[in-house]
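> What would the 3D arrangement of this be:
(2 chains)
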Amino acid sequence: MKTLSLSVIRKNRQMKWRVIGISLLMAWASGMFIMGQYGALAMDASIEDRVENYKFPDAFVTLNGPQDRNTVQGIMDGFVTDGDVDAYQLRLVLNGHYYHDDIRYPAIIVGLEDPADTTINKLKLDDGVYFSGVDEAVVQRGMEDEGLRSGEAVSFTVLGQQLGLDITGVGISTEFLMAGDVSLGSFSLPGGVAIAFVSLDRLQALERQGAPIGDKVNSVAFIGSDTGKVIEGLDAVGVNSHILQMDHPSIIFLSANADEWRVILPVISAMFLVLGGVAILMVFSRVIQNDTRFIGVLMAMGYTHREIMRSYLSFGLSIAVISSLLGILFGYGITIGILEVFASMIGDMGIVLPFAVMPFVYGVVVCFIFVFIALLLPLYKLRMLTPSEALEHHDDGSVFVSNRRMKGSKLTVLGLRNTFRKPRQTLITMAVIGLAIGATGGWYIVGDSAITYINDLNAQDKWDVETNFASVVQAGDVNETFLGLPAGSSDSVIGFMSAGGVVQSGDSQHIAVVLASDSLTDIKDFDVEKGSLDTPGAMLAVPFADELGVGPGDSIEVLIGGTPVTLQVTAVVHSLLENMIYMPLADMPDPNQVNGAFVVLADGADKDDVRAAIYANDQITMVVFKEDSAAALAEMMETMEEFFFTFMFLNGFIAFIIAAATVTVIAAERDMEYATLKSLGKKRSEIAKPIVIEMVILTAGAVLISIPAAYVLGIFIGDLYGQTSMFFPVVFSMESAVFTVVLGVFFTMAAAIVPIRHAWHVDVERMIRERTSG
Amino acid sequence: MSLVELRKVNKGYSSGGEFTSVLSDLVLDADKGEMLIIMGPSGSGKTTLMNILGGIDRPDSGSVMIDGEDISGYDPVRLTDFRRRKVGFIFQFYNLIPTLTAKENVELSLETVEDDRETISRRASHYLRLVGLEDKMDNFPQELSGGQQQRVAIARALAKEPRIILADEPTGNLDGAREESIMELMKNIQNELGITFFIVTHNTKLRKYADRVMQLGGGVIVENGG
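You can find the predicted model right below:
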């Protein structure tokens, strides 16, 4: 190794804690970048795995009730002959209930001709075997703790009849990955839905309206090139609704997460990279400044600018190499960790980790780019130095001082004057620390805003119970008696019709969730963003209205169950479901039909009695009690809090590193002063005093900068969240301002220990000998 | 022909729109193996003259012929190459690299002219022995006295065997005994190796070591004699 490089490497070693601190910061940033890219790739691979390996259908079509199997099969065979369909699956899908330990779970029973079909919608077994007898079933993974395990004999209630089944195996069907994810009126966690696959014959044998269903099916799944043509063809037997592969909840859920990872994490990582870059710039500028005379000596010896710069690049290189290697470890490790947590959160999701080099290469490249960009300015200064300038360089000892007389001890005056001896440097330091604290506070603001928003929206619900019916019923029939509730237990029963819809806007289609009722304002205390609730009309969720570019006074056309409906937009409201349209029942294609009801319980109603009554009603396939959803919400809030606050504390730690690195740069300029104080016999506490005073002032300035920085960052992250996963308005509260200040003071003042230790450990004898001899 | 020939060299600096002449029509000759001591009050142009001789600075006009090369028109790249091959510097404050040992400091200089590691190591050891530091080769500068540090600086300047050595107040930071010792060392090297020395000093006691003493004043040589 060249001696010149050796000298710089040894210098780096002397600054090892600064190098390690900055490297950790850059490694974390690089790791986040890798995590964003690799995590998104893993999500994409998981989706691809689902679609390809599980032969995920291109479309699922729900027919208007059970239809003759031979007729449907004839239609589909025609499409196969024409080459429009590669494979299809005819099913009879019924809703029901499953009881375990006195808890009722909603159930979906799927009747299949061949459970081992590998051409479409594969049902993959985790254990056991496929069913072969009529009283056998395979169940979806995720409800093992609730008794749905291989070898168990269980009973489902379907159409008011008991369906006893022996479980032969536990498997996974991608179609039901997100079953029960979201209910209309509130938030509920995924899982908790029992799904059983049984023989088609067994389900067809069940009685409906006093007679066996017979050889009928009500659901068609297919893989084909022209989904529109096939759906149109099936309309001959009546299509109730359909869902395309790209709109399927499983695919949307995975895609949204992939997008979130791909966009948000690199943006956050860029923030860390910039802060790390500033820290490198400050440290490296100081190194070059300190070494200017030695650079002059090297030039006098005949070293070229290029040779000298190359040796200094080893400083950047060592940071870039350490950061990149750690970044790869962080990136891979955290991706696996988070994906595993993610996979466990959603129950039965299998994550595929693809072999991919490029995300790691990108992470390394980004890290190197930021490190070397940070080195550009100090290296440019070095490049512009002439030998005579460098040799005649004297460290700029001139300082800015005020002539004003200051009260207090000389150490206090020293601390106060030291703070502003180089005003520009002080301001830059305040700004850098302020931005780092701002980033910390930004996460708090985002977390606080999201949680407050969700809690507020949930609190707007006026109902106590949400019920979904097995089939549509006449709106006028929906009352306390229909639901089987104890007399007088409810104040009101509000029927609703929920459906999927498609809104055409320009060339693009937008999937909507429609909730129609004549008493919308009795269901929810709407938070109106624009418009008014006084006029009946369509109310759109804020992000959906933004996406469509419509507002009060505009009209939209929604395709509901194949029927186009024109709606007048009267208000834009806040809603947990982002693609929500609330509309009057009168505007629905059939204004007399509903498929669910909200119940507002009377004061003093016995909730246990209500619960028992609803569970006993086989007309109700799905039920959400507000108190249950509140518990689920609290659980979700806890997870969200953990997520946001983890980032917040990591940011706080980074703020600590940045504060420590920048103030140490300042402290390193004053070694001679510390040596002088020590030589004067000052005690450790006295040497620390001016540093503490300086840190207090720096912290005060930094936290002032951090508050607007936190808010701007909060808006930025909130906007990214809105675009990729979940909308929520970012709100700045006094509480978040106080929290940002407290956090900033805590982490920045903690960083004071670094320059204080530095000052305490200055070697007086060596310092005075070195400095006074040149 | 002289090793160093300066003809009508002018150099000045502009500051705040005002031009100050530092060297004016300066003429100077020095032979191979000669030791010249340059004296003069502050601002007389001593450092400027040394910078021009060492290829650190360029004259505004005139010619600077050193070892057959007129460096007055050289661009920065050629000046760097010139310094690399023909000039050694000794500074008042030694200017050793604190993170390198004595031997590594000498090797640092040698690496500008030599690639072979073994040759570099051998020559560094040789010159450190020459200045009497054979037992301090692996010591860092902070572990050496001022006089020892200046010896390392001399070895560093000598090691690449330059044609001229420029020493700016080489004993300015040393006490009387060490001052004598360093000057005697340089005198011996001058005699043994035939290197031309230019030494800038305020110390009149050093005149006895000089082959010639030049007194600078107002940018010109006001006294030039033995």
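> who in chain B is up against chain A?
Selection of chain B residues close to chain A by C-beta under 8 Å from any C-beta of the partner chain yields B:51, B:54, B:56-57, B:76-77, B:80-81, B:83-85, B:87, B:89, B:91-95, B:97-100, B:104, B:107-109, B:111-113, B:142, B:146, B:149, B:156, B:173. All C-beta spots, glycine's among them, are computed from the backbone N, C-alpha and C.
> Quick check: next helix or strand after the strand or helix carrying residue A:645?
Taking DSSP states H and E as the definition, one finds residue A:645 inside helix A:626-668. Per DSSP H and E, the first helix or strand lying C-terminal to helix A:626-668 is helix A:671-679.
> If you count neighbours, what's buried in that next one?
Neighbour-count burial for helix A:671-679 flags A:671-675, A:677-678 (criterion: 16 or more other C-beta atoms under 10 Å in any protein chain shown).
> can you tell me which of those residues lies nearest to chain B?
Comparing those against chain B with C-beta to the nearest C-beta places residue A:671 closest, at 13.2 Å.
> Low-confidence ranges, the stretch 251-400 of chain A, go.
Counting by pLDDT under 70, the stretch 251-400 of chain A shows low-confidence ranges at A:252-257, A:260-261, A:264-265, A:341-350, A:394-400.
> one more time with 80
For the stretch 251-400 of chain A, residues meeting the criterion pLDDT under 80 lie at A:251-276, A:278-280, A:282-284, A:286-287, A:290, A:314-315, A:334, A:337-351, A:392-400.
> Just give me the neighbour total for residue 71.
Just so you know, I chose chain A. Neighbour count of residue A:71, defined by other C-beta atoms under 10 Å in any protein chain shown: 13.
> that's the wrong chain, I meant chain B
Neighbour count for residue B:71, taken as other C-beta under 10 Å: 22.
> what do you get for residue A:48?
Neighbourhood size, residue A:48 [other C-beta under 10 Å]: 14.
> Look at it and report its pLDDT.
For residue A:48, the model assigns a pLDDT of 78.
> any idea how far residue A:41 is from it?
Residue A:48 sits 10 Å away from residue A:41, going by C-beta to C-beta, to the nearest Å.
> Then residue A:117?
As for residue A:117, its distance to residue A:41 is 30 Å (criterion: C-beta to C-beta).
> neighbour-wise, which of the two wins?
Using other C-beta under 10 Å as the criterion, residue A:117 and residue A:41 rank with residue A:41 on top: 20 against 15.
> tell me what the helix or strand hosting the more buried one is packed against?
Remark: residue A:41 resides in helix A:16-48, with elements defined by DSSP H and E. If you count contacts as 3 or more C-beta pairs under 8 Å, 6 or more residues apart in numbering or on different chains; DSSP states H and E, helix A:16-48 packs onto helix A:249-301, helix A:305-345, helix A:358-384, helix A:626-668.
> thinking again about what came up before, can you flag the buried ones in the residues of chain B next to chain A?
For those, a burial check counting by 16+ other C-beta under 10 Å picks out B:51, B:54, B:56-57, B:80, B:83-85, B:87, B:89, B:91-95, B:97-100, B:104, B:107-109, B:111-113, B:146, B:149, B:156, B:173.
> Show the contacting residues for residue B:111.
Counting by C-beta atoms under 8 Å, 6 or more residues apart in numbering or on different chains, residue B:111 makes contact with A:2-4, B:120.
> Residue A:436 contacts residue A:653, doesn't it?
No: contact between residue A:436 and residue A:653 fails when scored by C-beta atoms under 8 Å: they sit 10.0 Å apart.
> Surely residue B:13 is in a helix?
No: with DSSP: H, G, I helix; E, B strand; the rest coil as the criterion, residue B:13 is assigned strand and is not in a helix.
> Name the helix or strand for residue A:503, please.
strand A:490-505.
> and that strand, which strands flank it?
Sheet partners assigned to strand A:490-505 using DSSP bridges are listed as strand A:508-516 (antiparallel), strand A:555-560 (antiparallel), strand A:593-601 (antiparallel).
> and that strand, what's its mean pLDDT?
Mean per-residue pLDDT for strand A:490-505: 85.
> Kindly export it (C-alpha atoms) in CSV.
Only the C-alpha atoms of strand A:490-505 are listed here, as CSV (Å, rounded to 0.1, in the frame of the first residue of the first chain):
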residue,chain,number,x,y,z
SER,A,490,-83.3,-1.9,19.1
ASP,A,491,-83.9,1.8,18.5
SER,A,492,-83.7,1.4,14.7
VAL,A,493,-82.9,-1.2,12.0
ILE,A,494,-81.6,0.4,8.9
GLY,A,495,-81.5,-1.7,5.8
PHE,A,496,-78.7,-1.3,3.2
MET,A,497,-77.7,-2.6,-0.1
SER,A,498,-74.0,-3.2,-0.6
ALA,A,499,-72.5,-4.0,-3.9
GLY,A,500,-69.4,-3.6,-6.0
GLY,A,501,-69.4,-0.9,-8.7
VAL,A,502,-67.2,0.3,-11.5
VAL,A,503,-66.8,4.0,-12.3
GLN,A,504,-65.6,4.9,-15.7
SER,A,505,-63.4,8.0,-15.6
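> Return the set of buried residues in it.
For strand A:490-505, a neighbour-count test (16+ other C-beta under 10 Å) marks A:490, A:492-503 as buried.
> Check stretch A:479-488 too.
Within stretch A:479-488, the residues that count as buried by 16+ other C-beta under 10 Å are A:480, A:482-485.
> Which strands and helices lie in contact with the biggest helix by length in chain B?
Longest helix in chain B, counting residues (DSSP state H): helix B:176-193. Judged by 3+ C-beta pairs under 8 Å, 6+ apart, helix B:176-193 is in contact with strand B:35-39, helix B:146-159, strand B:196-200.
> Show residues contacting the first one.
Here strand B:35-39 makes contact (C-beta under 8 Å, 6+ apart) with B:30, B:46, B:49-50, B:186-187, B:190, B:196-202, B:204, B:206-207, B:209-216.
> so which helix or strand takes in the residue nearest in space to the middle of chain B?
For chain B, residue B:166 is the residue whose C-alpha lies nearest the centre (C-alpha atoms, centre = their mean; 1.2 Å). Per DSSP H and E, residue B:166 falls inside strand B:164-168.
> May I see the buried residues of that strand?
Buried-residue list, strand B:164-168, by 16+ other C-beta under 10 Å: B:164-168.
> That one packs against which elements?
Using 3+ C-beta pairs under 8 Å, 6+ apart, the elements in contact with strand B:164-168 are helix B:46-53, strand B:87-90, helix B:146-159, strand B:196-200.
> would you list the ones you listed in JSON lines and tack on mean pLDDT?
JSON lines is the format used below for the helices and strands packed on strand B:164-168 (pLDDT from 0 to 100):
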{"stretch": "helix B:46-53", "mean pLDDT": "90"}
{"stretch": "strand B:87-90", "mean pLDDT": "91"}
{"stretch": "helix B:146-159", "mean pLDDT": "89"}
{"stretch": "strand B:196-200", "mean pLDDT": "93"}
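> No further queries at this time; thank you.
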